[in-house]
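Colleague: quick check, what structure comes out for this input:
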Amino acid sequence: FQMASDDAPSGADFVKLISAEGLEFYVTRKVCLVSGTLRAMLTSQFSEAKSSEVNLSEIRASVLEKAIRYCHYKLRYQDGQGKVPAFKIEPDEALELLMASNYLDL
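Modeller: This is a model prediction of the structure:
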């Protein structure tokens, strides 16, 4: 994923996720579809499906970034082949990340 810049990716392969602070993360659609909530939004008649833009105003940027990293992790290791490394979560971010992952259905 990447944060917004002047040369932000465009097209249907990317989705713009916007944090509570207004930071924009451009994430591939494939990674976004790991989230049940984002999948529902992006594959329906919701405006998010048309615009490929999701405003997550309740999720802080640092938490959203960690959730995106988890989506990448889950996608990479979903087949269970080989040794799967631990996904590290710091104790001070655990509660907020738990609430975000519950909302995002991760």
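Colleague: check contacts around Ser44.
Modeller: Under the criterion of Cβ atoms under 8 Å, 6 or more residues apart in numbering, Ser44 has no neighbours. Just so you know, the C-beta spots here come from the backbone N, C-alpha and C atoms, and that holds for glycine as well.
Colleague: give me the distance between it and Lys50.
Modeller: Distance of Ser44 to Lys50, computed by Cβ to Cβ, to the nearest Å: 10 Å.
Colleague: please apply the same query to Tyr26.
Modeller: Counting by Cβ to Cβ, the separation of Tyr26 from Lys50 is 17 Å.
Colleague: more neighbours: those two, which one.
Modeller: More crowded of Tyr26 and Lys50, by other Cβ atoms under 10 Å: Tyr26, with 18 against 9.
Colleague: and the host helix or strand of that one, which residues are buried?
Modeller: Under the criterion of DSSP states H and E, Tyr26 resides in strand 24-28. Neighbour-count burial for strand 24-28, counted by 16 or more other Cβ atoms under 10 Å, picks out 24-27.
Colleague: and the lengthiest helix in the chain, how far from the chain's centre?
Modeller: Longest helix in the chain by number of residues (criterion: DSSP state H): helix 61-77. Put simply, helix 61-77 sits 6 Å off its chain's centre (Cα atoms, centre = their mean, to the nearest Å).
Colleague: for the spatially closest residue to Leu33 that is not a sequence neighbour, pull up the helix or strand it's in.
Modeller: Nearest non-adjacent residue to Leu33, counting by Cβ to Cβ, 6 or more residues apart in numbering: Arg39, 4.8 Å away. When elements are assigned from DSSP H and E, Arg39 belongs to helix 36-42.
Colleague: do the same with Leu95
Modeller: In this assignment (DSSP H and E), Leu95 forms part of helix 94-104.
Colleague: elements contacting that helix?
Modeller: helix 36-42, helix 61-77 (3 or more Cβ pairs under 8 Å, 6 or more residues apart in numbering; DSSP states H and E).
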